[in-house]
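*Asks:* structure, please.
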Amino acid sequence: MSNLGKIYYFRASYEPSIQLDINNLPDWLFVAVNWQGYRISTLPWIANVACLLGNLHVEDHPTGWKSYLESLGFQDVIPISCEDFYEDTLYC
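*Replies:* As a prediction, the model looks like this:
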């Protein structure tokens, strides 16, 4: 049984990823857009179920998730801190 227990935060460039349709992304990702590009976080409570059902195959560390996001079409993906992710809302 897989246990994806951590929430990871990423940023991806908006311009190179312009062909990406964020409305058709999997439910185990939260994606928003701000002035710096895409803000992406993983949702482990949904990702765990997807792994159990065989719908998601990812290594549970930042590099594994980065590779997965790039396979979906995100470009220039970098891990970021919780503080950077929530900088627009001023909470973490």
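
*Asks:* show me where the protein has its helices.
*Replies:* For the chain, the helices defined by DSSP state H occupy 44-53, 62-72, 82-85.

*Asks:* out of those helices, which is closest to Ala32?
*Replies:* helix 82-85 (9.2 Å; Cβ to Cβ). For the C-beta atoms, the positions are set from N, CA and C on the backbone; glycine is no exception.

*Asks:* tell me which residues are up against that closest one.
*Replies:* Here helix 82-85 makes contact (Cβ atoms under 8 Å, 6 or more residues apart in numbering) with Tyr9, Arg11, Arg39, Ser41, Cys92.

*Asks:* where do the strands of the protein begin and end?
*Replies:* 9-13, 29-34, 37-42, 75-80 (DSSP state E).

*Asks:* got CSV for these, with mean pLDDT, mean neighbour count and distance to Pro62 too?
*Replies:* Listed next are the strands of the chain as CSV, based on pLDDT from 0 to 100; neighbours: other Cβ atoms under 10 Å; distance: least, Cβ to Cβ, whole Å:
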stretch, mean pLDDT, mean neighbour count, distance to Pro62
strand 9-13, 95, 20, 8
strand 29-34, 92, 14, 14
strand 37-42, 94, 21, 10
strand 75-80, 96, 16, 4
